[in-house]
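J.: okay, sequence plus prediction incoming.
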Amino acid sequence: MSWLGKVIGGAFGFLMGGPLGALLGTALGHQYDAGKRGQPQTDPRLESGDQQRVQMAFFTATFSVMGHLAKTDGTVSRAEIDAARSVMNRLELSEELRQTAIQLFSEGKKPNFPLHQALEQFRLQCHRRPSLLRLFIQIQLETAYADGPLRPAEERLLLQICDRVHVSRFDFFAIKARIEAEQRMAQAGYHRTRHRTGPPPPLRKPPIENAYAVLGLRPSATAEEIKRAYRRLMGQHHPDRLAANGLPEEMVRVATEKTQQIRKAYELIAETRKL
């Protein structure tokens, strides 16, 4: 059973209230009749680092903050709504979870959305789980890029979010650079151009500079630096490790995709450098 099933089954007390609990309760309230499901119950034996509570906090913060970020310029564009839905599609959410995510996105768009309080609770729930906090920022950044280049207002808000969850500016700009490099790799290579007749052309490879940027390196990096960066990034995004730290099972797909992108970049560099 997913964490949402446990919430509906009477374990809503995992979040122990707070702004995230209120947001999730409101989102669920649009779908479920409390009189039929029974009243939420709190299990006093659960500690603040419990995995299921972390899963709920991550899911709730991800989609509500995503809605708030989309409203940064005063209006939510169709592209931004489509970007949020594409994240839901990418995660292959069940209909239950999709509706909950949509409601959380809507809550985030409201003028009275408690951004700072929600982020503070999220940070506390993810205490000593920096990999989850970095992945949270990565998802927000990728969604912001989905409708075009990052706007100054979006970047300012994302930097404020980083400050609240204690993700450093260095980490933010490193994540930003990797996302931009991954987009350039996807646009420039690893596909075949279309021809009406004749044999298919060879596979075009993206510029090697983009592969280095995905690993956070310069082309002048040594072989040891390349291997060390690859191992570090793979460790940070390892799906099993993130799941053990409380990443919702539906979001493990994001980590899996990221490791595939990192591996492709490393393999391109290794082939060029004969590592």
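T.: Perfect, thanks for sending it.
J.: mind checking pLDDT for K264?
T.: Here the pLDDT value assigned to K264 is 89.
J.: apologies, that question was intended for P152.
T.: On the pLDDT scale, P152 gets 92.
J.: go on, the one 4 residues further on?
T.: R156 carries a pLDDT value of 95.
J.: all further residue positions should be reported with the first residue as 417.
T.: Got it, the first residue is 417 from now on, which makes the last one we talked about R572.
J.: what secondary structure does it sit in?
T.: Following DSSP: H, G, I helix; E, B strand; the rest coil, we place R572 in the helix state.
J.: if you tally nearby residues, what's the number for it?
T.: Applying other C-beta atoms under 10 Å, we find 11 residues neighbouring R572. No exception for glycine: its C-beta is placed from N, CA and C like everyone else's.
J.: how about the one 3 residues further on?
T.: Other residues near L575 number 15, with proximity taken as other C-beta under 10 Å.
J.: strands of the stretch 517-666 of the chain, start to end?
T.: Assigned by DSSP state E, counting those that start in this stretch, the strands in the stretch 517-666 of the chain number zero.
J.: can you list the low-confidence ranges for it?
T.: Applying pLDDT under 70 to the stretch 517-666 of the chain picks out residues 604-622, 662, 664, 666.
J.: closest to the centroid, which residue in this protein?
T.: Centroid-nearest residue in the chain: I555, 2.6 Å away (criterion: C-alpha atoms, centre = their mean).
J.: contacting residues for that residue?
T.: Contacts were defined as C-beta atoms under 8 Å, 6 or more residues apart in numbering; by that measure I555 touches T478, M482, V503, M667, V670.
J.: check contacts around the last one.
T.: Contact analysis of V670 by C-beta under 8 Å, 6+ apart lists R506, L507, L551, Q554, I555.
J.: distance of the second one relative to F475?
T.: Distance, L507 to F475, using C-beta to C-beta, to the nearest Å: 10 Å.
J.: the two: which is more packed in?
T.: F475 (26 against 21).
J.: which element is that one on?
T.: Per DSSP states H and E, F475 falls inside helix 467-486.
J.: just checking, E508 touches M667?
T.: No - counting by C-beta atoms under 8 Å, E508 stays clear of M667, with 10.5 Å between them.
J.: if you skip the residues just before and after it, what's nearest to G524?
T.: Once flanking residues are discounted, G524 sits nearest to G483: 2.7 Å by C-beta to C-beta, 6 or more residues apart in numbering.
J.: run through the residues that contact the one you found.
T.: By C-beta under 8 Å, 6+ apart, the contact set of G483 is V492, A500, L520, F521, S522, E523, G524, K525, F529.
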